[in-house]
Every structure is written in C-alpha cells, then in structure tokens.
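Enquirer: no FASTA, just this:
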C-alpha cells in the first residue's frame with residue numbers, strides 16, 4: 001500500500017510481531033487509554049507471551065470482575081458517576097453534568 005506522497009507501508013499485527021522478539025518465559029503488556037472530549041474514557045490492555053498467546057482486558061470488564069466481590073456493584077457509564085458511596089448512598093448513579 002502507499003499513501004498520496006508515494007511512501008509505502010504495510011499493515012502488520014504489532015502484538016504478533018512483538019511476541020517474536022520475546023524470550024521464552026517473558027510476557028509483554030501493552031496498555032492504551034483514550035477519551036472522547038474528556039468525557040468518555042476507554043481503556044484496553046493486552047498481554048502477550050513468546051508463543052503469541054494473548055490475554056486482553058478493557059475498562060468495561062471490571063464490572064463483571066467486581067461481581068465476584070459483592071452483591072452491589074456500582075457502575076460508571078457514559079455521563080454518569082457514582083457519588084457518596086462512602087456515606088452509604090447506594091441508590092444509584094448521579095449525573096455529573098458534563
């Protein structure tokens with residue numbers, strides 16, 4: 001492939017390429033975080049070993065993992081944040097007003 005300036009480039013699987021450079025027994029972890037107008041955070045991480053095996057996680061997966069810890073799991077979604085939990089308020093999310 002080439003761009004409008006005549007420079008050539010090729011698509012590649014960076015994680016697979018990275019795995020080829022890892023010594024046996026070593027694991028590399030890559031993390032990425034982004035946002036949309038400082039309102040919606042997204043995050044993703046991948047761990048890869050020298051055999052090319054991967055494990056991935058994103059910020060939204062914390063909800064399912066947290067359910068192992070207790071019956072009432074607070075959620076942060078979109079424009080909402082949970083407030084005043086330290087005061088015992090578990091009635092639900094409050095609009096932050098962004």
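Expert: Perfect, thanks for sending it. Treat the numbers as computed from the prediction; the structure is a model and nothing was measured.
Enquirer: just checking, which helix or strand of the chain averages the lowest pLDDT?
Expert: Least confident element among the helices and strands of the chain, by mean pLDDT, DSSP states H and E: strand 80-81 (a mean of 43).
Enquirer: can you list the domains in this protein?
Expert: 1-59, 67-98 (automatic domain parsing).
Enquirer: where along this protein do the helices fall?
Expert: Ranges of helices in the chain, per DSSP state H, are 14-20, 62-66.
Enquirer: minimum distance to residue 35: which of the ones you listed has it?
Expert: helix 62-66 (16.9 Å; C-beta to C-beta). C-beta: built from backbone N, CA, C; applies to glycine.
Enquirer: ok, the most centrally placed residue in the chain - contacts?
Expert: Note on the chain: the residue nearest the mean C-alpha position is residue 44, at 2.1 Å, using C-alpha atoms, centre = their mean. Neighbour list for residue 44: 31-33, 56-59 [criterion: C-beta atoms under 8 Å, 6 or more residues apart in numbering].
Enquirer: now, which of those lie within strands?
Expert: Within the contacts of residue 44, residues falling in strands by DSSP state E are 31-33, 56-58.
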